[in-house]
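Novice: Below is the structure, and that's it, no one-letter string:
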Ligand SMILES: Nc1nc2c(ncn2[C@@H]2O[C@H](COP(=O)(O)OP(=O)(O)OP(=O)(O)O)[C@@H](O)[C@H]2O)c(=O)[nH]1
Ligand SMILES: [Mg+2]
């Protein structure tokens, strides 16, 4: 089996840092996690990617091209669509290209995809979904990891807006999904305390804060309540917090994500086989 995390989220929320952090943490426990950079506009990051979309295409190519002449945002969407159209290239990079390789036993392929920070790629364009289907056809077990900056999640209105973004990604990408609040180390102690109520949120209670805040809030109370009950009825919108300076926090997040993509489940089976073959057991 192959395993993959697709790391998504708004610009600057800490996606590339998350990837580098997880890779380093895995390395410390003698585990290999490779990173695939799918951000065609990336310049510097803190890791060495196994595969890099910029070897296929980068945003400057699409901006400088006389026919395309894209701006930076349209260029980025074009690059990802180009990647999906040229899936042979990606397959070659990830799986060595041949179908035999796909069926053979890869030695525990575990990849994290560092995606660009343009939220529309995941909320309504089809390119995110297309990429997922490709990976699944190559035997990857995939989950989506959606990051949001915790600093934007300490008041009710922002919480609702962040949650709606997470929801639209969940609904569009249709994968097992984890929401993570990043940059916890930047929050003050009191802000951290305040954040607790957003981790397992009660949207209705949070909305009561929003409603009294402004004239707009009062005027649209019914609408806000409807949104609150929408979030509530999905009841899937939960957040994990991640502090990259705290190994325990990193470990906890990785464990939960591993669990979701069922990484490690077949390890138990191996241990059992081994135990059964133990000659000492036979003597008893
Ligand atoms: N203190 C702190 N800074 C962080 C953390 N995560 C990211 N940053 C900083 O936030 C900035 C953006 O982080 P990136 O990891 O590049 O974010 P990104 O989501 O990959 O950004 P784009 O790819 O441009 O969308 C950088 O300056 C990081 O050093 C964190 O957990 N703690
Ligand atoms: Mg990045």
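Specialist: Here it is on my side, so go on. A quick note: this is a predicted structure, and the numbers were derived from the prediction, not measured. Residues are numbered from 1 along each chain as shown. Ligands and ions are numbered 1, 2, ... in the order given.
Novice: chain center to the helix or strand harbouring residue 190, what's the gap?
Specialist: Using DSSP states H and E, residue 190 falls within helix 189-199. Distance of helix 189-199 from its chain centroid, counting by C-alpha atoms, centre = their mean, to the nearest Å, is 22 Å.
Novice: list the helices and strands it packs on?
Specialist: Under the contact criterion of 3 or more C-beta pairs under 8 Å, 6 or more residues apart in numbering; DSSP states H and E, helix 189-199 touches strand 177-182, helix 203-213, strand 240-241. In short, each C-beta sits where N, CA and C put it, glycine included.
Novice: Can you flag the weakest of these by average pLDDT?
Specialist: Mean pLDDT per stretch puts helix 203-213 lowest among these, at a mean of 66.
Novice: one step back: now the helix holding residue 190 and strand 177-182, what's the angle there?
Specialist: Angle, helix 189-199 to strand 177-182, by axes from the mean of the first three to the mean of the last three C-alpha atoms, to 10 degrees: 170 degrees.
Novice: Name the residues of helix 189-199 that are buried.
Specialist: By neighbour count with 16 or more other C-beta atoms under 10 Å, helix 189-199 contains the buried residues 195, 198.
Novice: Neighbours of the residue in the stretch 51-200 of the chain that ligand 1 sits nearest to, how many?
Specialist: Going by C-beta to the nearest ligand atom, ligand 1 is nearest to residue 117 of the stretch 51-200 of the chain, at 2.4 Å. The number of residues packed near residue 117 is 19, by other C-beta atoms under 10 Å.
Novice: That one contacts residue 7, correct?
Specialist: No. With contact defined as C-beta atoms under 8 Å, residue 117 does not reach residue 7; the gap is 10.4 Å.
Novice: joint contacts of these two?
Specialist: Common contact partners of residue 117 and residue 7 (C-beta atoms under 8 Å, 6 or more residues apart in numbering): residue 15.
Novice: Helices of the stretch 1-150 of the chain, start to end?
Specialist: Remark: helices assigned in the stretch 1-150 of the chain by DSSP state H, counting those that start in this stretch are 15-28, 59-64, 72-85, 87-95, 99-103, 120-123, 127-137.
Novice: Most proximal residue of this protein with respect to ligand 2?
Specialist: Going by C-beta to the ion, ligand 2 is nearest to residue 16 of the chain, at 3.3 Å.
Novice: and that residue, what does it touch?
Specialist: 39, 42, 45, 46, 47, 114.
Novice: Report the buried residues of the helix or strand residue 232 falls within.
Specialist: Secondary structure assignment for residue 232, by DSSP H and E: helix 221-234. Going by neighbour count (16+ other C-beta under 10 Å), the buried part of helix 221-234 is 224, 225, 227, 228, 231.
Novice: Let me know the average pLDDT across that helix.
Specialist: Helix 221-234 comes out at a mean pLDDT of 77.
Novice: With stretch 265-280 instead?
Specialist: Mean per-residue pLDDT for stretch 265-280: 56.
Novice: cool, and stretch 243-254?
Specialist: So the average pLDDT for stretch 243-254 ends up being 96.
Novice: Mind listing what's buried along it?
Specialist: Neighbour-count burial for stretch 243-254 [16+ other C-beta under 10 Å]: 243, 244, 249, 250, 253, 254.
Novice: Most widely separated two among those?
Specialist: Farthest apart among the buried residues of stretch 243-254 by C-beta to C-beta are 243 and 254. That separation is 13.2 Å.
Novice: quick one: contacts for residue 76?
Specialist: 40, 41, 59, 116, 118, 121.
Novice: And the second one, how close does it get to residue 146?
Specialist: Separation of residue 41 from residue 146 (C-beta to C-beta, to the nearest Å) stands at 20 Å.
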